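Novice: turn this into a structure:
(one chain, ligands or ions: 2)
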Amino acid sequence: MTPTDVARFESWFAIAESAEVGRGELATLPLFSEDLVLWRSTAGVISALAPRCQHFGAHLGGGAVCGETLQCAFHGWRYAVDGSVRNDESDPGCVRTFSYPCVESAGLVWVFNGTRPTFPVPTPFGVNDSDFFSFSTTLGLIPQPCYVQVANALDLDHLVHVHATPPFRPKMEGLRFNEIDIEFGYQLAADGTALSAHIVGPNTYCTRIMPGRPGEPIVIGLVTNTPVERAMSKVHVSYWVRRDIPGAEPAARSIFMSALSDARTTLAEDQPIFSRLRLRPLNPGPLDENVVTFLRWVDRYPTNAESIPFG
Ligand code: FES
Ligand SMILES: [Fe+2]
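Specialist: Numbering: from 1, shown residues only. Ligands and ions are numbered 1, 2, ... in the order given. Down below sits the predicted model:
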């Protein structure tokens, strides 16, 4: 393993679909091989807490939602959504458990691996709910660290071998490696169809397809990898389709279903490689420059060296 394989990247991670945790419900979910407890208060506020009760160390996943608090099953300590203890009598003062920064976006629950988010949750190309229909779902598991599937998006050479596309070597335009994100674009087809891409953190890849033919809808997609274990990632996808397309929601949903089917096929084609890959630039050629630059960028990406406190 290299340091990158075990790095705890400071990024937003989609840990569940919003619908998985209703009001008054909780779930224990893995992130970097550790548990977090995701729960939703009776009023509907979502919260993700480190799992250890700060009284005697019971696992809060065995507790229950009690109004606006999560109650430990062992002696009944109650935690507010911000992780602070809210007991009537036995509250020793400023005790708290770690509360992950947590937001919901496009049907997914995202947590930031760090005490304070250093950038906003990925909302590709400024999409907003008033102009777009959005759809999200879980795609599956990849037995790889969370950046490997994103590297695949920059690896245009594998498309012809793994995904049986026609030979394809478009000219990358505007490729820019920033501190926490990467931008690029290229022409997808001779009719002028173009793809813009935005990688956010080492784990999330957003695309916008601008059709070359007038009248065809613009489709925005997001694929995000959540490191449930150090070398096992859960993949979620989101798609946005403009609300003003002919046929409205049913038409948008059918575009989503078709994009989802393509994404499933692509993932299934990649799996035989991913199942035994150790992604290293051992002898890269001139065409591999973007992937090599990406892997170097991942190695420099900010991490939390320590485990989240109070875990
Ligand atoms: S261990 Fe949680 S209340 Fe005692
Ligand atoms: Fe692939």
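
Novice: quick one: low-confidence ranges for the stretch 201-311 of the chain?
Specialist: 306-311 (pLDDT under 70).

Novice: what are the boundaries of the helices in it?
Specialist: For the stretch 201-311 of the chain, the helices defined by DSSP state H, counting those that start in this stretch occupy 248-274, 289-300.

Novice: again, but for the stretch 1-150 of the chain
Specialist: Using DSSP H, counting those that start in this stretch, helices in the stretch 1-150 of the chain cover 3-6, 148-154.

Novice: least reliable of these by average pLDDT, please.
Specialist: Mean pLDDT is lowest for helix 3-6 out of the helices of the stretch 1-150 of the chain, coming in at a mean of 66.

Novice: ok and the residue in the stretch 101-250 of the chain nearest ligand 2?
Specialist: N152 (4.4 Å; C-beta to the ion). Just so you know, the C-beta spots here come from the backbone N, C-alpha and C atoms, and that holds for glycine as well.

Novice: in stretch 293-301, what counts as buried?
Specialist: F294, L295, W297, V298, Y301 (16 or more other C-beta atoms under 10 Å).

Novice: can these go into JSON lines with extra columns for distance to ligand 1?
Specialist: Converted to JSON lines, the buried residues of stretch 293-301 look like this (distance: C-beta to the nearest ligand atom, whole Å):
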{"residue": "F294", "distance to ligand 1": "44"}
{"residue": "L295", "distance to ligand 1": "43"}
{"residue": "W297", "distance to ligand 1": "42"}
{"residue": "V298", "distance to ligand 1": "38"}
{"residue": "Y301", "distance to ligand 1": "36"}
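
Novice: sorry, back to before: rebuild the helices of the stretch 201-311 of the chain as a markdown table, extending it with distance to S130.
Specialist: Shown next, in a markdown table, are the helices of the stretch 201-311 of the chain (distance: least, C-beta to C-beta, whole Å):
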| stretch | distance to S130 |
| --- | --- |
| helix 248-274 | 14 |
| helix 289-300 | 34 |
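
Novice: highest average neighbour count across these?
Specialist: Of those, the one with the most neighbours on average (mean count of other C-beta atoms under 10 Å) is helix 289-300, at a mean of 17.

Novice: distance of R86 relative to ligand 1?
Specialist: Distance of R86 to ligand 1, computed by C-beta to the nearest ligand atom, to the nearest Å: 12 Å.

Novice: what does L139 give?
Specialist: 36 Å.

Novice: spit out the contact partners of that residue.
Specialist: With contacts defined as C-beta atoms under 8 Å, 6 or more residues apart in numbering, L139 is in contact with V223, V235, H236, V237, L260, A263, R264, L267.

Novice: which of these lies closest to L141?
Specialist: Closest approach between the contacts of L139 and L141, by C-beta to C-beta: V235, at 7.2 Å.

Novice: contacting residues around the closest one?
Specialist: T138, L139, G140, L141, I142, Q149, V223, T224, N225, T226, L267.

Novice: and F9, by the same measure?
Specialist: F9 touches N113, C146, Y147, G201, P202, N203, P227, Y301, P302, T303, counting by C-beta under 8 Å, 6+ apart.

Novice: tell me the pLDDT of it.
Specialist: In this prediction F9 is given a pLDDT of 94.

Novice: what's the answer for R86, then?
Specialist: For R86, pLDDT reads 84.

Novice: I figured it hits Q71, correct?
Specialist: No: R86 is beyond contact range of Q71, at 9.8 Å (criterion: C-beta atoms under 8 Å).

Novice: quick revisit: for the residue of the stretch 101-250 of the chain closest to ligand 2, the count of nearby residues, please.
Specialist: Other residues near N152 come to 25 when the count uses other C-beta atoms under 10 Å.

Novice: with L26 instead?
Specialist: Using other C-beta under 10 Å, L26 has 19 other residues around it.

Novice: before we move on, what about W39?
Specialist: 25.

Novice: nearest residue to it other than its sequence neighbours?
Specialist: Of all residues not flanking W39 in the chain, L26 sits nearest, at 3.7 Å (C-beta to C-beta, 6 or more residues apart in numbering).

Novice: wait, doesn't the one you found sit right on S41?
Specialist: No: counting by C-beta under 8 Å, L26 sits too far from S41 to count as a contact (10.2 Å).

Novice: what touches both of these two?
Specialist: V65.

Novice: what pairs with E34 across the strands?
Specialist: Bridge pairing for E34 (DSSP bridges) gives the partners L31.

Novice: related to what we said a few turns ago, in space, what's closest to the residue of the stretch 101-250 of the chain closest to ligand 2 - neighbours in sequence excluded?
Specialist: That would be D270: by C-beta to C-beta, 6+ apart, it lies 6.4 Å from N152.
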